[in-house]
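J.: coords below, sequence missing:
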């Protein structure tokens, strides 16, 4: 595998950062990968082969790299931007993997007014469990990798073209949009489903309803509809705060829909809901 | 495979009935399987090897069988009970696969006061697609098969013991409870998740929210959280009407939880919801 990046710094070597390292290694990346994270995370990432070196601190890790991947929760990324900008080589590409994009892009516009170049990214390849233990070389395979560039001219920059190649190398499909569209779409397509799973599991967990009922009667539907309830709050806290304006109306729509369903249990109103749901699934399948 | 049942009548040869036929055949059942359904369904079931014979009508199919499996939506099962009772051999076992149990058990108590014996059943092995095309010999494998007997003494009846063996033969694990517990538990563990999936897909489908947004940004979470939205309304209509009294408070709990989440976006309130969800998932895993 050929790439212009000779040294990659993973700031955060958990699920996403660790998977970047493992995926690059599996594809025969011959440069070096340095990790910045807590010592115990780095030790494990080294053991698993996700990184080649542990940076003693952030500046030394970032300074030597021509590609810096910020793989942390959204607010941690935002807090890192100034320091990373100060330490990174002028010729480096800095990219992130945050789950919401407007807040990161807004801050990056201030911080990265000049070189190095910043590319906001979001691999749509999460998992309900975080941490290096759940990282995998195949995590990005078959998924989309969203770019919300600070300006569309960045898409022609050689570093961005090279990173786009890397994304394809690890099996993902790049998808370019703007941060606003990303956050509005993800509110409906990712953040609302997450809250829904957490709410469903919460309702089932509440004392008085299920405490005397056999959980053995939960089957595949329940399993799939509550899988996301295992997701770490540390990631979702930042998603909720940085996308609350989109999430609130989405929650309101869902609540309204459920109220309608409650009224229509057993009437023709539910039939149209089922029809609508089925059509949306058809559209979704067509888009994948 | 040994069984006292020499001739099994599948009333309904769709997803569940067809899967019973295919599963029995794969396990080497040597008796004959006769199907009652619309001619085009029976032709296909015959072609796929799910049945050996097509009954020309319900009475002739039921009359000759020592095991009758009613595999239809709940209200269709209820409507069939009187005729099946009238036609079935006194020594036969009649069982059903309906998704709610109180309405069926209540009617069966009236109809099956004397022989033949009726055993209410529910294989927790649905799929989001119905029909013989989606039937499979492995459908019941690893799933639970609920019995809600009219009286617990039925569990000692040789026919029920023999059917329990059949259930184990096709890879499912029998689970005995009462119809009331079943319906209350399934409201939370199956019916509420179904409505939730339909509502989520419906919200995403509504014009004005997603129509200008890229569905390509939907990933695994959305896929899993809306899979059930493909489920056939024909099955769920009966589930909703016959379990509306349990579903309404479950919907109210979910709505209340989502309202709280809307208020708590970004506050510590959400953290406890995520904690609660994760603990419920642990309990669920322990039960499986």
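T.: Alright, I've got the coordinates. It should be emphasised that the depicted structure is a prediction, and the values quoted were computed from it without experimental measurement.
J.: contacts for the helix or strand that contains residue A:23?
T.: Element membership for residue A:23 (DSSP states H and E) is helix A:15-26. Where contact means CB atoms under 8 Å, 6 or more residues apart in numbering or on different chains, the residues beyond helix A:15-26 that reach it are A:1, A:8, A:10-11, A:13, A:33, A:35, A:37, A:45, A:48-51, A:69, A:71-72, A:97, A:123, A:125-127, A:129-132, A:134-140, A:166, A:169-171. For glycine as for every other residue, the C-beta is placed from the backbone atoms N, C-alpha and C.
J.: If we check chain B, which of those residues are in contact?
T.: Checking the contacts of helix A:15-26 against chain B by CB under 8 Å from any CB of the partner chain, the ones in range are A:125, A:126.
J.: Show me the contacts of helix A:15-26 that map onto helices.
T.: Of the contacts of helix A:15-26, the ones assigned to helices by DSSP state H are A:45, A:48, A:166, A:169.
J.: Need the per-residue pLDDT for the first one.
T.: pLDDT recorded at residue A:45 is 98.
J.: Look up how far residue B:65 lies from it.
T.: Taking CB to CB, to the nearest Å as the criterion, residue A:45 is separated from residue B:65 by 62 Å.
J.: One more: the second one?
T.: Relative to residue B:65, residue A:48 is positioned 58 Å away (CB to CB).
J.: Neighbour count for the two, which is higher?
T.: Between residue A:48 and residue B:65, counted using other CB atoms under 10 Å in any protein chain shown, the more crowded position is residue B:65 (27 against 18).
J.: residues in contact with the closest residue to that one other than its chain neighbours?
T.: Nearest residue to residue B:65 in three dimensions, chain neighbours excluded: residue B:9, at 3.6 Å (CB to CB, 6 or more residues apart in numbering or on different chains). In this structure, residue B:9 makes contact with B:33, B:34, B:35, B:36, B:55, B:61, B:62, B:64, B:65, B:67, B:68, B:69, judged by CB under 8 Å, 6+ apart.
J.: What residues does the second one make contact with?
T.: With contacts taken as CB under 8 Å, 6+ apart, residue B:34 has the following neighbours: B:7, B:8, B:9, B:10, B:51, B:52, B:53, B:54, B:55, B:61, B:64, B:65.
J.: How much space separates it from chain A?
T.: 29 Å (CB to the nearest CB, to the nearest Å).
J.: Bridged to that residue, which residues?
T.: For residue B:34, the residues forming beta bridges with it (DSSP bridges) are residue B:9, residue B:53.
J.: per-residue pLDDT, it?
T.: In the prediction, the pLDDT value recorded for residue B:34 is 98.
J.: any idea how far the closest residue in space to residue A:179 that isn't next to it in sequence is from chain B?
T.: Using CB to CB, 6+ apart and skipping residues adjacent in sequence, the residue nearest residue A:179 is residue A:101, 3.8 Å away. Using CB to the nearest CB, we find residue A:101 at a distance of 11 Å from chain B.
J.: And for residue A:101, the neighbour number?
T.: Other residues within reach of residue A:101 by the criterion other CB under 10 Å amount to 27.
J.: starting at the chain centroid, how far to stretch A:184-198?
T.: Centre-to-centre, stretch A:184-198 and its host chain are 13 Å apart (CA atoms, centre = their mean, to the nearest Å).
J.: how far does it stretch from start to finish?
T.: Counting by CA to CA, to the nearest Å, the length from the leading to the trailing residue of stretch A:184-198 is 20 Å.
J.: That one near chain B at all?
T.: Yes: applying CB under 8 Å from any CB, one finds stretch A:184-198 touching chain B at A:184-186, A:188-190, A:192-198.
J.: So which bits of that stretch are buried?
T.: A:184-198 (16 or more other CB atoms under 10 Å in any protein chain shown).
J.: same deal with stretch A:280-288?
T.: Using 16+ other CB under 10 Å as the burial criterion, the residues of stretch A:280-288 that qualify are A:280, A:281, A:284.
J.: cool, and stretch A:228-244?
T.: When neighbours are counted by 16+ other CB under 10 Å, the buried residues of stretch A:228-244 are found to be A:228-233, A:235-244.
J.: between these, which is closest to residue A:29?
T.: Distances from these to residue A:29 were compared by CB to CB; the smallest belongs to residue A:235, at 26.2 Å.
J.: residues near the nearest residue to that closest one once chain neighbours are set aside, how many?
T.: When the adjacent residues along the chain are set aside, residue A:235 lies closest to residue A:73, with 5.2 Å between them (CB to CB, 6+ apart). Applying other CB under 10 Å, we find 21 residues neighbouring residue A:73.
J.: Tell me who's in contact with residue A:73.
T.: The neighbourhood of residue A:73, defined by CB under 8 Å, 6+ apart, consists of A:98, A:99, A:234, A:235, A:237, A:238.
J.: Chain B: which of these is nearest?
T.: When the contacts of residue A:73 are compared for distance to chain B (CB to the nearest CB), residue A:237 comes out closest, at 6.9 Å.
J.: Go over the secondary structure and confirm that closest one is in a strand.
T.: No: with DSSP: H, G, I helix; E, B strand; the rest coil as the criterion, residue A:237 is assigned helix and is not in a strand.
J.: anything in stretch A:248-260 near chain B?
T.: Yes: under the criterion of CB under 8 Å from any CB, chain B is reached by stretch A:248-260 at A:248, A:250, A:251, A:252, A:253, A:254, A:255, A:257, A:258, A:259.
J.: Could you look up the SS state of the first one?
T.: Read it as residue A:248. Applying three-state DSSP to residue A:248 yields a three-state assignment of helix.
J.: The residue nearest to it when sequence neighbours are not counted: neighbour count?
T.: Beyond its immediate neighbours in the sequence, the residue positioned closest to residue A:248 (CB to CB, 6+ apart) is residue B:262, lying 5.8 Å away. If you count neighbours by other CB under 10 Å, residue B:262 ends up with 18.
J.: Residue B:262: which element?
T.: When secondary structure is defined using DSSP H and E, the element that contains residue B:262 is helix B:244-264.
J.: immediately after that helix, which helix or strand?
T.: Tracing the chain past helix B:244-264, the next element assigned as helix or strand by DSSP H and E is helix B:268-286.
J.: Please work out the average pLDDT along that next one.
T.: Regarding helix B:268-286, the rounded mean pLDDT is 88.
J.: Any idea which residue is closest to the centre of chain A?
T.: Central residue check for chain A by CA atoms, centre = their mean: the C-alpha nearest the mean position is that of residue A:99, 4.2 Å away.
J.: dump the residue contacts of the residue in the stretch 1-150 of chain A that chain B sits nearest to.
T.: With CB to the nearest CB as the measure, residue A:124 is the residue of the stretch 1-150 of chain A nearest to chain B, at 4.0 Å. Shown here is residue A:124, whose contacts under the criterion CB under 8 Å, 6+ apart are A:143, A:144, A:145, A:146, A:190, B:217, B:219.
J.: Those residues: which two are farthest apart?
T.: A:145 and A:190 (14.3 Å).
J.: on that earlier part again, next, find the distance separating the residue of the stretch 1-150 of chain A closest to chain B from residue B:214.
T.: Separation of residue A:124 from residue B:214 (CB to CB): 11 Å.
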